[in-house]
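A.B. asks: The following comprises the amino acid sequence and a computationally predicted model.
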Amino acid sequence: QLQLVESGGGLVQPGGSLRLSCAASGFTLDYYTVGWFRQAPGKAREGVSCISASDDSTVYADDVKGRFTISRDNAKNTVYLQMTSLKPEDTAVYFCNARDSGPNVYWGQGTQVTVSS
(Lines give C-alpha, C1' and ligand atoms only; values in the text may rest on other atoms or scores of the structure.)
Protein backbone atom coordinates (compact mmCIF):
# COMPACT_ATOMS: atom_id res chain seq x y z
CA GLN A 1 0.00 0.00 0.00
CA LEU A 2 1.35 3.40 -1.00
CA GLN A 3 1.01 5.89 1.81
CA LEU A 4 2.53 8.72 3.79
CA VAL A 5 2.19 8.84 7.55
CA GLU A 6 2.93 11.95 9.60
CA SER A 7 3.79 11.83 13.27
CA GLY A 8 5.37 13.96 15.95
CA GLY A 9 2.68 16.52 16.52
CA GLY A 10 1.44 17.50 19.95
CA LEU A 11 0.97 20.28 22.46
CA VAL A 12 3.95 22.53 23.10
CA GLN A 13 4.45 25.83 24.87
CA PRO A 14 5.44 28.97 22.95
CA GLY A 15 9.15 28.93 22.29
CA GLY A 16 9.25 25.16 22.31
CA SER A 17 10.24 22.68 19.64
CA LEU A 18 8.79 19.69 17.83
CA ARG A 19 10.04 17.40 15.11
CA LEU A 20 7.50 16.12 12.63
CA SER A 21 8.13 12.98 10.61
CA CYS A 22 6.70 12.00 7.24
CA ALA A 23 7.32 8.32 6.59
CA ALA A 24 6.60 6.69 3.26
CA SER A 25 5.64 3.11 2.62
CA GLY A 26 5.27 1.38 -0.72
CA PHE A 27 7.48 3.83 -2.58
CA THR A 28 10.94 5.41 -2.30
CA LEU A 29 10.69 8.92 -0.95
CA ASP A 30 14.06 10.16 -2.22
CA TYR A 31 12.70 10.21 -5.76
CA TYR A 32 10.00 12.65 -4.67
CA THR A 33 9.84 16.32 -3.87
CA VAL A 34 8.33 16.46 -0.40
CA GLY A 35 6.47 19.37 1.04
CA TRP A 36 5.02 20.24 4.41
CA PHE A 37 1.74 22.13 4.49
CA ARG A 38 -0.46 23.28 7.33
CA GLN A 39 -4.06 24.22 7.81
CA ALA A 40 -5.34 26.22 10.74
CA PRO A 41 -9.05 26.24 11.66
CA GLY A 42 -11.01 28.39 9.25
CA LYS A 43 -8.01 29.00 7.02
CA ALA A 44 -6.79 27.64 3.71
CA ARG A 45 -4.02 25.08 3.56
CA GLU A 46 -0.66 26.78 3.09
CA GLY A 47 2.81 25.64 2.14
CA VAL A 48 5.42 25.64 4.88
CA SER A 49 8.51 24.08 3.36
CA CYS A 50 9.66 21.65 0.71
CA ILE A 51 12.74 19.67 -0.24
CA SER A 52 13.42 18.80 -3.84
CA ALA A 53 13.98 15.34 -5.26
CA SER A 54 16.77 16.43 -7.57
CA ASP A 55 19.27 18.12 -5.29
CA ASP A 56 17.66 18.37 -1.83
CA SER A 57 17.35 22.12 -2.19
CA THR A 58 14.91 23.60 0.28
CA VAL A 59 12.30 26.34 0.34
CA TYR A 60 10.59 27.90 3.34
CA ALA A 61 7.62 30.17 3.82
CA ASP A 62 8.68 33.59 5.07
CA ASP A 63 7.09 33.19 8.48
CA VAL A 64 9.01 30.00 9.30
CA LYS A 65 12.42 30.90 7.87
CA GLY A 66 15.10 30.55 10.49
CA ARG A 67 12.81 28.55 12.77
CA PHE A 68 11.94 25.42 10.75
CA THR A 69 14.29 23.01 9.02
CA ILE A 70 13.29 20.34 6.53
CA SER A 71 15.51 17.32 5.92
CA ARG A 72 15.33 13.80 4.63
CA ASP A 73 16.77 10.48 5.77
CA ASN A 74 16.75 8.18 2.77
CA ALA A 75 17.75 5.16 4.84
CA LYS A 76 14.55 5.59 6.87
CA ASN A 77 12.47 6.70 3.88
CA THR A 78 11.41 9.69 5.96
CA VAL A 79 11.34 13.46 5.70
CA TYR A 80 11.46 15.58 8.84
CA LEU A 81 10.36 19.06 9.78
CA GLN A 82 12.25 20.37 12.78
CA MET A 83 10.30 23.24 14.29
CA THR A 84 11.83 25.56 16.87
CA SER A 85 10.78 28.82 18.52
CA LEU A 86 7.19 27.82 18.01
CA LYS A 87 4.50 30.47 18.18
CA PRO A 88 0.76 30.20 18.82
CA GLU A 89 0.17 31.10 15.17
CA ASP A 90 1.98 27.90 14.17
CA THR A 91 -0.99 25.96 15.55
CA ALA A 92 -2.45 23.88 12.72
CA VAL A 93 -2.78 20.43 11.28
CA TYR A 94 0.44 19.68 9.43
CA PHE A 95 0.39 17.55 6.30
CA CYS A 96 3.15 16.17 4.15
CA ASN A 97 2.90 15.76 0.41
CA ALA A 98 5.12 13.83 -1.97
CA ARG A 99 5.15 14.32 -5.73
CA ASP A 100 7.33 12.97 -8.48
CA SER A 101 8.08 14.40 -11.92
CA GLY A 102 5.11 12.49 -13.29
CA PRO A 103 1.52 12.27 -12.15
CA ASN A 104 2.07 10.71 -8.73
CA VAL A 105 1.07 12.76 -5.72
CA TYR A 106 0.52 11.47 -2.20
CA TRP A 107 -0.80 13.14 0.94
CA GLY A 108 -0.60 12.06 4.52
CA GLN A 109 -3.48 12.21 6.98
CA GLY A 110 -2.03 15.08 9.00
CA THR A 111 -0.74 15.61 12.53
CA GLN A 112 -2.00 18.24 14.95
CA VAL A 113 0.41 20.83 16.31
CA THR A 114 -0.88 23.06 19.10
CA VAL A 115 1.25 25.86 20.52
CA SER A 116 -0.23 27.17 23.72
CA SER A 117 0.68 28.04 27.26
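C.D. replies: The structure has been received and is ready for your questions.

A.B. asks: Need the residue closest to the centroid of this structure.
C.D. replies: With distances taken as CA atoms, centre = their mean, Trp36 lies nearest the centre of the chain, 3.1 Å away.

A.B. asks: need the contact list for that one.
C.D. replies: Contact analysis of Trp36 by CB atoms under 8 Å, 6 or more residues apart in numbering lists 20, 22, 47-50, 70, 79, 81, 94-97. All C-beta atoms are positioned from the backbone trio N, CA, C, and that covers glycine.

A.B. asks: top of those by neighbour count?
C.D. replies: The most neighbours of any of those, using other CB atoms under 10 Å, belong to Cys96, which has 31 neighbours.

A.B. asks: Give me the distance between the residue nearest to it when sequence neighbours are not counted and Ser54.
C.D. replies: With sequence-adjacent residues excluded and distances taken as CB to CB, 6 or more residues apart in numbering, Cys96 is closest to Cys22, at 3.4 Å. Using CB to CB, to the nearest Å, one obtains 18 Å as the distance from Cys22 to Ser54.

A.B. asks: do Pro41 as well
C.D. replies: Counting by CB to CB - Pro41 and Ser54 are separated by 35 Å.

A.B. asks: now do Ala98
C.D. replies: Computed as CB to CB, the Ala98 to Ser54 distance reads 14 Å.

A.B. asks: Surely Leu81 touches Ser49?
C.D. replies: Yes: Leu81 is within contact range of Ser49, at 6.4 Å (criterion: CB atoms under 8 Å).

A.B. asks: related to what we said a few turns ago, run through the bridge partners of the residue nearest to the centre of the chain.
C.D. replies: Here Trp36 shows beta-bridge partners Ser49, Cys96, assigned using DSSP bridges.

A.B. asks: With Met83 instead?
C.D. replies: On the basis of DSSP bridges, Met83 takes part in beta bridges with Leu18, Phe68.

A.B. asks: quick one, what contacts it?
C.D. replies: Listed by CB under 8 Å, 6+ apart, the contact set of Met83 reads 17-20, 64, 67-68, 90, 113.
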